[in-house]
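> From the sequence below, what's the structure:
(4 chains, ligands or ions: 4)
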There are 2 protein chains.
Amino acid sequence: MAHPRKTPDPVDLPQRARLTPQRLAVVEAIRRGPRSFTVAELYDRARRQEPKLGLATVYRTLELLRRTDAIRPLAGSPRAEYVRCSPGHHHHLICLSCGTVEETELCAAPSDAELRRRHGFAPESHELDVYGTCAECRAA
Amino acid sequence: MAHPRKTPDPVDLPQRARLTPQRLAVVEAIRRGPRSFTVAELYDRARRQEPKLGLATVYRTLELLRRTDAIRPLAGSPRAEYVRCSPGHHHHLICLSCGTVEETELCAAPSDAELRRRHGFAPESHELDVYGTCAECRAA
DNA sequence: ACTGATACTGATAATCACTCTCAGTTACGG
DNA sequence: CCGTAACTGAGAGTGATTATCAGTATCAGT
Ligand SMILES: [Mn+2]
Ligand SMILES: [Mn+2]
Ligand SMILES: [Zn+2]
Ligand SMILES: [Zn+2]
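Ligands and ions are numbered 1, 2, ... in the order given. Reported below is the predicted structural model:
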């Protein structure tokens, strides 16, 4: 049994995240780069600003950003890809031809009531990805 | 430059998939087991029927089954999990509490017309996963 | 029933994506 | 300033998946 606690509950976030040059470099590299990226690509770009940057720090920073919904792991695809995300509820349009990811606010998930009635399921969140051909690739 | 070809186009599927005892063992293990499973679990179960089965063959068979939509890699989660799927269009209700995956035919993706009008995007397919609490876990 | 082309197999090495460890460093509230 | 908890990089470690390759088995065509 663990020692009893006074503080509410052990949240596994640090009490306060520090602003370090390494984290800034990673965040900047994400801001400047394309919407979707692999960790290796990001690492390379971030190192241009912070050459001594370690790969572990990149992963640690990605985890922080994921918790604030600033990025999202890209589901489909051959694993190991992230997408920079705008705040707010949205979904992704993924081009099968060029790979670009576009955000859309269009959302038509099954209603909570329907899910509860038909399946006894209480939904909390959902993820929708649409695959197809983007405007640019359709033109070409 | 490659040698010119007479056959239509080099599809990357074999001309004809062979029915081997190893593949049967893997398929049987999937049929009999729970809807979602890891590769390691599947490997163990399939080996009870085909003890000399190699792990590589399991992966190769999973890939074949994925191409026919008989299984689907489970998006969320720490990778390395598959779900046995019924034929036909459907989506997944994933319980955050017990991890079970339930299928639903409920589907309300944005319409093709709306996607085209608002984003110039021509959808071909989509994937929807709903996270929440299943009936059983709600009861408990 | 043969048989040959080629799909398939298991063992094992190799790769990949990520995580852990730890000793030294740094940000920052007080 | 200072103290301390958070953070860092290097590199070892891990677990999952893929590649290699020499031997084997399936099955379409006879
Ligand atoms: Mn939505
Ligand atoms: Mn659907
Ligand atoms: Zn495109
Ligand atoms: Zn449940």
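
> Chain A against DNA strand D: which residues are in contact?
A:14-18, A:20, A:22-23, A:50, A:52-57, A:60-61 (Cβ under 7 Å from any atom of the strand). Backbone N, C-alpha and C define where each C-beta goes, glycine included.

> residue ranges of the helices in chain A, please?
Assigned helices in chain A, in chain order: A:21-32, A:39-49, A:55-67, A:112-119, A:135-139 (criterion: DSSP state H).

> Dump the ones you listed to JSON lines, plus mean neighbour count and mean pLDDT.
Formatted as JSON lines, the helices of chain A follow (neighbours: other Cβ atoms under 10 Å in any protein chain shown; pLDDT from 0 to 100):
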{"stretch": "helix A:21-32", "mean neighbour count": "17", "mean pLDDT": "98"}
{"stretch": "helix A:39-49", "mean neighbour count": "16", "mean pLDDT": "97"}
{"stretch": "helix A:55-67", "mean neighbour count": "15", "mean pLDDT": "97"}
{"stretch": "helix A:112-119", "mean neighbour count": "14", "mean pLDDT": "97"}
{"stretch": "helix A:135-139", "mean neighbour count": "13", "mean pLDDT": "97"}
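
> quick one: A:Leu74 from B:Arg18, how far?
35 Å (Cβ to Cβ, to the nearest Å).

> which of these two has more neighbours?
Between A:Leu74 and B:Arg18, A:Leu74 has the larger neighbour count (other Cβ atoms under 10 Å in any protein chain shown), namely 21 against 6.

> Nearest residue to the more buried one in space, please, no chain neighbours.
Residue nearest to A:Leu74 in three dimensions, not counting chain neighbours: A:Glu81, with 4.2 Å by Cβ to Cβ, 6 or more residues apart in numbering or on different chains.

> wait, that neighbour sits on A:Thr38?
Yes. The pair A:Glu81 / A:Thr38 is scored as a contact, 5.4 Å apart, by Cβ atoms under 8 Å.

> now that we're looking at the residue nearest to A:Cys107 when sequence neighbours are not counted, how far away is DNA strand C from it?
Distance criterion Cβ to Cβ, 6+ apart; nearest residue to A:Cys107, sequence neighbours excluded, is A:His91 at 6.0 Å. Separation of A:His91 from DNA strand C (Cβ to the nearest atom of the strand, to the nearest Å): 21 Å.

> for A:His91, what are its contacts?
A:Glu103, A:Thr104, A:Leu106, A:Cys107, A:Glu127, A:Leu128, A:Asp129, A:Val130 (Cβ atoms under 8 Å, 6 or more residues apart in numbering or on different chains).

> Mark which of the residues you listed are buried, thanks.
Buried members of those, scored by 16 or more other Cβ atoms under 10 Å in any protein chain shown, are A:Glu103, A:Thr104, A:Leu106, A:Glu127, A:Leu128, A:Asp129, A:Val130.

> Relative to ligand 3, how far out is A:Pro34?
13 Å (Cβ to the ion, to the nearest Å).

> so what pLDDT did the spatially closest residue to that residue that is not a sequence neighbour get?
In this structure, A:Pro34 finds its nearest non-sequential neighbour in A:Thr100, 7.8 Å apart by Cβ to Cβ, 6+ apart. A:Thr100 carries a pLDDT value of 93.

> and A:Thr100, how many neighbours?
A:Thr100: 14 neighbours (other Cβ under 10 Å).

> picking up where we left off before, kindly reformat the helices of chain A as a markdown table containing distance to ligand 3.
Compiled in a markdown table, the helices of chain A are given as follows (distance: least, Cβ to the ion, whole Å):
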| stretch | distance to ligand 3 |
| --- | --- |
| helix A:21-32 | 21 |
| helix A:39-49 | 19 |
| helix A:55-67 | 25 |
| helix A:112-119 | 33 |
| helix A:135-139 | 3 |
